[in-house]
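In: here is the input, now give the coordinates:
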Amino acid sequence: MWRYRVSVKGSASERRWLNRRAQHGWKLTAIHGNWYRFAKTTAKLQIFSEYVPSKLAVPPGSARGPFEVLVTCPINEPDVVVLYSAAAKATHLIKGKVDNGDATLQLKVALALRAHQLNLMNIFFIGGLAIVATLGFKGILVEPALDWTIALWLAISLCPLLVALRAHRQVVRLRLQTQQYQDAWKPTQHVFLSHMTQELDVERVKDLGEWTLVGHGKNVYWYDVRTLASLAEIKQALRPVVGPDVEISVLSFLGLGPIGFM
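Out: Here you go, the predicted model:
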């Protein structure tokens, strides 16, 4: 049996899906791109996945203690292999297995998947637009066939976007877990500190993001911070640093009102 699924290889969501299949008696036997092949089995299995360097990958069918290697799936970016293994579903085995995928590698895989799906969306949208415009201009397609063609073109173009959004949610979670924000877009929040007698000790709040002093007046300091934290989280982190007498106002990059007046 074959199933089609676009997911981040080696991710927790993929493992949950594979284990749901295993609970219904379907054992993973092959992966080709986004196609997964399963075979019927009576064994009660639990599926695990991990990232290994390409040169250390073992072939399917190999035994690693109580675990049987089911499938290996090579990934180009980064250059690793996702190794899928299975063991009899028993409490002592589950506790003995350390199934903690490398979050840094998983982040790279998720970023590559997101970029690929966004590229597909662009190809489908621009290519479909050219085809629909040509057919409509030459009068080959007329209503209602033209309307149905446009609807189909938009639906096909949006499918990769939905997958990219799902991958993006995993990217955000993995960035928070690994604290790796290189090349990541982060909104700039504007922080105003009133009744402040000296500059903010940004070292104490550097975990929030990148701080920049924009300007200051009489007992008022204005900072910009590039961060993924919410306005409430910024205010909460600042309070023990600046003390109870300082008034904290945070202005969103979207131009919303300061948090103290919302």
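In: ok, Arg5 touching Arg37?
Out: No - using CB atoms under 8 Å, Arg5 is not in contact with Arg37, being 11.7 Å away. (C-beta placed from N, C-alpha, C; glycine too.)
In: got the domain ranges for this structure?
Out: Structural domains annotated on the chain: 2-99, 105-178, 188-261, as defined by automatic domain parsing.
In: dump those domains to JSON lines, plus mean pLDDT.
Out: Below are those laid out as JSON lines (pLDDT from 0 to 100):
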{"stretch": "domain 2-99", "mean pLDDT": "81"}
{"stretch": "domain 105-178", "mean pLDDT": "86"}
{"stretch": "domain 188-261", "mean pLDDT": "84"}
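In: okay, those domains in a markdown table with mean neighbour count next?
Out: Output for the domains of the chain, formatted as a markdown table (neighbours: other CB atoms under 10 Å):
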| stretch | mean neighbour count |
| --- | --- |
| domain 2-99 | 15 |
| domain 105-178 | 15 |
| domain 188-261 | 15 |
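In: just the element for Ala232, please.
Out: Per DSSP states H and E: Ala232 is located in helix 231-242.
In: quick one: the helices in the stretch 51-200 of the chain?
Out: Across the stretch 51-200 of the chain, reading from the start of the chain, the helices by DSSP state H, counting those that start in this stretch fall at 91-96, 103-137, 145-178.
In: could you give the angle of the last one to helix 103-137?
Out: It stands for helix 145-178. Orientation check (axes from the mean of the first three to the mean of the last three CA atoms, to 10 degrees): helix 145-178 against helix 103-137 gives 170 degrees.
In: and helix 145-178, what does it pack onto?
Out: Judged by 3 or more CB pairs under 8 Å, 6 or more residues apart in numbering; DSSP states H and E, the packing partners of helix 145-178 are helix 103-137.
In: what is the distance between the helix it packs on and the centre of its chain?
Out: Taking the mean of its C-alpha atoms, helix 103-137 sits 16 Å from the chain's own mean (CA atoms, centre = their mean, to the nearest Å).
In: correct me, but Gly10 touches Ser85?
Out: No - taking contacts as CB under 8 Å, Gly10 lies outside contact range of Ser85: 11.8 Å.
In: joint contacts of the two?
Out: Common contacts of Gly10 and Ser85 (CB atoms under 8 Å, 6 or more residues apart in numbering): Ser49, Glu50.
In: what's the following helix or strand after the helix holding Ala232?
Out: As assigned by DSSP H and E, the chain's next helix or strand after helix 231-242 is strand 247-251.
In: ok, for Leu251, nearest residue in space, not its chain neighbours?
Out: Leaving out its chain neighbours, the residue that sits closest to Leu251 by CB to CB, 6 or more residues apart in numbering is His190, at 4.0 Å.
In: my read: the one you found touches Thr227, true?
Out: No - using CB under 8 Å, His190 makes no contact with Thr227, being 11.4 Å away.
In: tell me the contacts of Glu68?
Out: Here Glu68 is in contact with Gly61, Ser62, Ser85, Ala86, Ala87 (criterion: CB under 8 Å, 6+ apart).
In: got the contact list for the second one?
Out: Contact analysis of Ser62 by CB under 8 Å, 6+ apart lists Glu68, Val69.
In: how close does it get to Leu56?
Out: Noted for Ser62: a distance of 12 Å to Leu56, by CB to CB, to the nearest Å.
In: likewise for the fourth one?
Out: Applying CB to CB, the value for Ala86 to Leu56 is 19 Å.
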